[in-house]
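*Asks:* next comes the sequence, and after it the predicted model I'd like to discuss.
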Number of protein chains: 6
Amino acid sequence: MTRISTGVAGLDEMLGGGFLANKIILVRGGPGTGKTIFSLQFIAEGAKKGEKGIYLTLEEPIESVRTAAANLGFDLEDLEKKKVLKLIDGSQLVYKFSDESKTNYNVPKPVISQIANQIMIEAECLGAKRLAVDPITSAIIHQRFPTDKRLEILELMKSLRKIKCTSLITSESASPSEDEFFVEEYLADGVIILAQTLHNFVITKTVRVEKMRGTRHDDQPRKYEIGDKGLIVYNTEPVIV
Amino acid sequence: MTRISTGVAGLDEMLGGGFLANKIILVRGGPGTGKTIFSLQFIAEGAKKGEKGIYLTLEEPIESVRTAAANLGFDLEDLEKKKVLKLIDGSQLVYKFSDESKTNYNVPKPVISQIANQIMIEAECLGAKRLAVDPITSAIIHQRFPTDKRLEILELMKSLRKIKCTSLITSESASPSEDEFFVEEYLADGVIILAQTLHNFVITKTVRVEKMRGTRHDDQPRKYEIGDKGLIVYNTEPVIV
Amino acid sequence: MTRISTGVAGLDEMLGGGFLANKIILVRGGPGTGKTIFSLQFIAEGAKKGEKGIYLTLEEPIESVRTAAANLGFDLEDLEKKKVLKLIDGSQLVYKFSDESKTNYNVPKPVISQIANQIMIEAECLGAKRLAVDPITSAIIHQRFPTDKRLEILELMKSLRKIKCTSLITSESASPSEDEFFVEEYLADGVIILAQTLHNFVITKTVRVEKMRGTRHDDQPRKYEIGDKGLIVYNTEPVIV
Amino acid sequence: MTRISTGVAGLDEMLGGGFLANKIILVRGGPGTGKTIFSLQFIAEGAKKGEKGIYLTLEEPIESVRTAAANLGFDLEDLEKKKVLKLIDGSQLVYKFSDESKTNYNVPKPVISQIANQIMIEAECLGAKRLAVDPITSAIIHQRFPTDKRLEILELMKSLRKIKCTSLITSESASPSEDEFFVEEYLADGVIILAQTLHNFVITKTVRVEKMRGTRHDDQPRKYEIGDKGLIVYNTEPVIV
Amino acid sequence: MTRISTGVAGLDEMLGGGFLANKIILVRGGPGTGKTIFSLQFIAEGAKKGEKGIYLTLEEPIESVRTAAANLGFDLEDLEKKKVLKLIDGSQLVYKFSDESKTNYNVPKPVISQIANQIMIEAECLGAKRLAVDPITSAIIHQRFPTDKRLEILELMKSLRKIKCTSLITSESASPSEDEFFVEEYLADGVIILAQTLHNFVITKTVRVEKMRGTRHDDQPRKYEIGDKGLIVYNTEPVIV
Amino acid sequence: MTRISTGVAGLDEMLGGGFLANKIILVRGGPGTGKTIFSLQFIAEGAKKGEKGIYLTLEEPIESVRTAAANLGFDLEDLEKKKVLKLIDGSQLVYKFSDESKTNYNVPKPVISQIANQIMIEAECLGAKRLAVDPITSAIIHQRFPTDKRLEILELMKSLRKIKCTSLITSESASPSEDEFFVEEYLADGVIILAQTLHNFVITKTVRVEKMRGTRHDDQPRKYEIGDKGLIVYNTEPVIV
């Protein structure tokens, strides 16, 4: 089984060497947990090894993504020029839904299909081996009912299953209440949880591999920090509180 | 009463020798608790003893199931050739619902009936003694209302009652809130709960036999691990936290 | 006031000698708490004393009920032949609703009325003194709204009020959240709660008499076990944790 | 201000001498807290002093009420003969709603108005000084929405305001969740809470005067027991747990 | 900035001298926290200083208000004769809604507008400097949806903004669950919370100034008691539990 | 990257020098946490340095805002005269919705668009570098469903993205329950949480930088106070409880 390095120091060890190739991994976490930084590390790690990648941003404008990458020492523009990276700007998607919902409440919106098609075409053109979708949340905000949110996600996941990429999808969700059901988590091959726990007025950041099909992994929560080079996972020590 | 070994080391002892023959057992657990591995151990244990089995996968593609089985030392393809195992691929079912729901909101979908019919026919053809449905969750995602989810499950359970198999059904659900009602748990003859408890940044895995009609059993939670050979239950010691 | 022995060792003492004759008692508990075993002990205790009984099973097939009874040392078939017991099989009821709900969403279903009528006729024919309905839950699964569930239960309770039996009804419900309202508990003359408490990975089983109109009772929770002879209540000692 | 003794040993002291005359008092408590016994003590206390009373039972059949009273040493039949007590049987009301709801979902039901009218007429005829409605819960079970439940209660309370009685109304409700609103509690002049607290497998019964307009009162919870003579409140000692 | 004494001993100090003139203050608390007594102290304090006041009662009948005031040593009738106080009786409002809701579900009810108009006219006639509305809760009970409740309150607040009074509004609400939103609290210039905390079977009463625009204040909870003269706040000591 | 001082003593240090220019920052907090004071400090800090600003008040009347500013030592009228500040009064907006909702339930209301347009025009005219919207909450109160609330906020955020300002938006929301989703928090570039924690009858105020895209920051909660000069953050010491 081919292993795909995550780009996050300390995380590959937790996974037994990295992600399995061609799987879909979901990274779930609340605001400020570093999901975008994780996505960038994942794509940049591939670029460093010559693995072509696609980065679809659904929230931050593409310029902010470039700046965030530069802060971490990654020159995305250079990678784009070298044709090892394709940035797709979906940051206006969330506002687009807003316009449509106002004028038309009933017609199913094919926006997800369009995005999904574009990803598939670009991935084939480029010969991409890595894909990041950051975050999937923007694609479902405009839907009123949980079932419709799920259908949107099902649609996107079905498309991602058709391309030969290791895909990393982020999702902005706090840890769910007991009776909630996350279809994205259910459909993904692997799930990584980024958590911030507030206890006694102190924040602790932990990463946990909740699910990783087809491989054994460290299933304990581990502390992480967000530093100059991005996320660093401390996987050999217990989380001290 | 005929006893059917679960295939999980340490679990038969908790059940007084295994499942009772021809019963329906539900295995409930959240992501990463090893439900697919459990299902594979159950089917492989039968094959080892010459008991024919059917494995219906409703989530993972059939190739992933074969790989996961190989990781545990089970050669499913070989078993299929020897006609002691029939794999049914329902992994696209969840995406199929997605398509239908978009074009047609009101017509009842007979998909469950089709699957149920196929299971009954295959079970009779093969002379199956064991059946695994992994997981039932995919069959209800597309339904909007709890009552409709329940009717789908009722439909499937009614069919399973008609065949002479010991059936193991998995369900991806975290532990329910107090006012929730799981019809699959209610209708099954036995219920096994796989839980992951996060306390002080440490994960503990426990298995508990919640219900097992017609036989006495150990009703205390027991620790388990997922190792190279699948789930191992430590049934002679208390769970230490 | 005539006292009716419960058949459960240790419980009569908590009730001051048993149930009051001709009352309706609800036994509520989650899966695996022994509600069916309790019902069987109640009916068998009557049969032992020559009090005729009716056992309506709404969940387990009648054969499973006979097997479960045999496990406890009760030969139901023999009791049926001696005309001291009548078993009514309503185990397919829950699947019947499923069929109807698919084809017809709006018409009120008179199934409960039919069952209620049958109970009344059989009770009169037999001259029954004891009645067990196990569990009432199956009669309400198919209803979408709490108010409709309540109306179904009201209907059944109204019928039970008309016959001269001591009735024991079981209900599969975990302990309710604070704002929930159980109409079956409200309408019954007595309520017994079977609880399983999971604390520090240990399960403790307790029985509590929540309500018992017209008689004083021990209102403290007491530990119980499910053994070879059925439920045994330890009523003279505090529950130790 | 005229004081009306509650009939419950120890409670008058908490209230500074009893209820204020002509007020409406709500007694709220879950199953098994002794609401009916409290109501009977309240009415019997009046009868002892020659204050005429009306007892409207909306849940227990009138015969059960007589038996329960006899258990406490009160001979209701005798009081009825002496024309100091009028029992009104509304115990079938809850089943009546059930019939109507099945055949007619939309028409507002005037049943509460009828009951309210009957109370007003009987109270005037008898010259009643005390009124017990036990419990108000039956009057609202059949309503689907909280607002409709509230309108039913408003209707009844408006009628009670028109008669010159001290009225005691019971309500079967566990302690409310934080965002719930009890209109009966809001409209009553006084509210008494009967609570059963389950802690470490031990039940503790406490009574608390939550609200009592126009008079000062002990606002601390006090322990009570249900004995041969009915409720006894231990108002001079702290609740020990 | 003109300061308006609250009339509650110890509370002015917490507020830096009293309320700011012409502001709207909300006093929120559950049953039995003394909201009516607070309102009376506020109005009576004004009367003592020659500041004219209006008291709108939306729950207790006007006679009960007079009695409650007399208990505190305030002779409202005398103040009315001297034309320093105007009592408006809205205590039947809540029952009025009840009638209308039964016959007419759909038409917006202009009752709040009428009340609001009456307040504005009376305030101008009298030259009122203080206004008490006790409690606003009655004005929203009949509304089915949170948004409609909010619109009613918005309507009333808009009117109160137009008159030159310091207004005190009470609201019967327990402390909100985390996702609830109180529009009356949002729109008011100041919010005071009266709380009763039940811990270990002991009730503790505390008052807290949650918000007070335009002035600094003690933001810590302080213990209070309800005595012969009304509420007394102990603002110089910590709350001991 | 240009840094924009927050105007709050101690907060710039937590952010590595202030906000990043042209970003949208959300400040979330319950009643009494000082959101308006924060907004004023932010605008006044700019004015002091010659950076022009716009202050849109959606809750407090403009005169109250001027008074609150004067209390902090800021003379807004003078700044307006000098053309470094433009105050926009949207305080009647919330009441306006109230009127419209009563007469017209179905037509989408274009009020947000109008406000958004006005902001864009004024910002361009003035050459504003700072913008405060205090609070966004008023713009969504009148909407019935979460999705519609989100669409309103999306609309406003889209407009703010088009102007070259550092924008500070306040939001009156207590900390969310686990399954809630704040779209304003999701769309903002940075999120600052102002919290009041009530523990053992003591209130503790803390500020936490939950998210701040494109820059590293102190992610721990820090204590703050509201004093004569506005908010002061104690960022070098742990919060002691």
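*Replies:* Perfect, I can see it now.
*Asks:* how about the strands of chain A, start to end?
*Replies:* In chain A, the segments counted as strands under DSSP state E are A:3-4, A:19-20, A:24-29, A:53-57, A:85-89, A:130-134, A:166-172, A:190-199, A:202-212, A:222-227, A:230-234.
*Asks:* show me where chain A dips below the pLDDT cut-off.
*Replies:* Scanning chain A for pLDDT under 70 picks out A:97-111, A:174-180, A:241.
*Asks:* what parts of it come near chain B?
*Replies:* A:1, A:108, A:145, A:147, A:150-151, A:154-155, A:157-158, A:176-179, A:181, A:183, A:185-187, A:189, A:191, A:197, A:204, A:206, A:208-214, A:216, A:219-221, A:238-239, A:241 (CB under 8 Å from any CB of the partner chain). For glycine as for every other residue, the C-beta is placed from the backbone atoms N, C-alpha and C.
*Asks:* out of those, which end up buried?
*Replies:* A:147, A:150-151, A:154-155, A:157-158, A:183, A:185-187, A:189, A:191, A:204, A:206, A:208-214, A:219-221, A:239 (16 or more other CB atoms under 10 Å in any protein chain shown).
*Asks:* what about chain D: which of the residues you listed touch it?
*Replies:* Of those, not one also sits near chain D (CB under 8 Å from any CB).
*Asks:* so who does A:Arg28 touch?
*Replies:* By CB atoms under 8 Å, 6 or more residues apart in numbering or on different chains, the contact set of A:Arg28 is A:Thr170, A:Ser171, A:Ser173, A:Phe182, A:Glu184, A:Glu185, A:Val191, A:Ile192, A:Ile193, A:Leu194.
*Asks:* surely the last one touches A:Lys35?
*Replies:* What that stands for is A:Leu194. Yes: counting by CB atoms under 8 Å, A:Lys35 is a contact partner of A:Leu194 at 6.7 Å.
*Asks:* which residues are common contacts for the two?
*Replies:* Common contact partners of A:Leu194 and A:Lys35 (CB under 8 Å, 6+ apart): A:Val27, A:Gly29.
*Asks:* ok, those two, which is more surrounded?
*Replies:* When A:Leu194 is set against A:Lys35 and neighbours are counted by other CB atoms under 10 Å in any protein chain shown, the residue ahead is A:Lys35, at 26 against 20.
*Asks:* from chain C, how far out is that one?
*Replies:* As judged by CB to the nearest CB, to the nearest Å, A:Lys35 and chain C stand 33 Å apart.
*Asks:* mind listing what that residue touches?
*Replies:* A:Lys35 touches A:Val27, A:Gly29, A:Asp134, A:Pro135, A:Thr170, A:Ser171, A:Glu172, A:Leu194, counting by CB under 8 Å, 6+ apart.
*Asks:* hmm, back to that, deepest-packed of the strands of chain A, please.
*Replies:* Highest mean neighbour count of the strands of chain A: strand A:130-134, a mean of 27 (counted as mean count of other CB atoms under 10 Å in any protein chain shown).
*Asks:* which residues are contacting that one?
*Replies:* Contacts for strand A:130-134 (CB under 8 Å, 6+ apart): A:4, A:35-36, A:39-40, A:42-43, A:46, A:51-60, A:119, A:123, A:156, A:160, A:163, A:165-170.
*Asks:* count of residues packed around the nearest residue to A:Phe181 once chain neighbours are set aside?
*Replies:* Spatially, and ignoring its direct neighbours in sequence, A:Phe181 is nearest to B:Ser173 (7.5 Å; CB to CB, 6 or more residues apart in numbering or on different chains). For B:Ser173, the tally of surrounding residues (other CB under 10 Å) stands at 20.
*Asks:* who's in contact with the residue nearest to A:Glu13 when sequence neighbours are not counted?
*Replies:* Using CB to CB, 6+ apart and skipping residues adjacent in sequence, the residue nearest A:Glu13 is A:Asn235, 5.3 Å away. By CB under 8 Å, 6+ apart, the contact set of A:Asn235 is A:Gly10, A:Leu11, A:Glu13, A:Met14, A:Asp218, A:Arg222.
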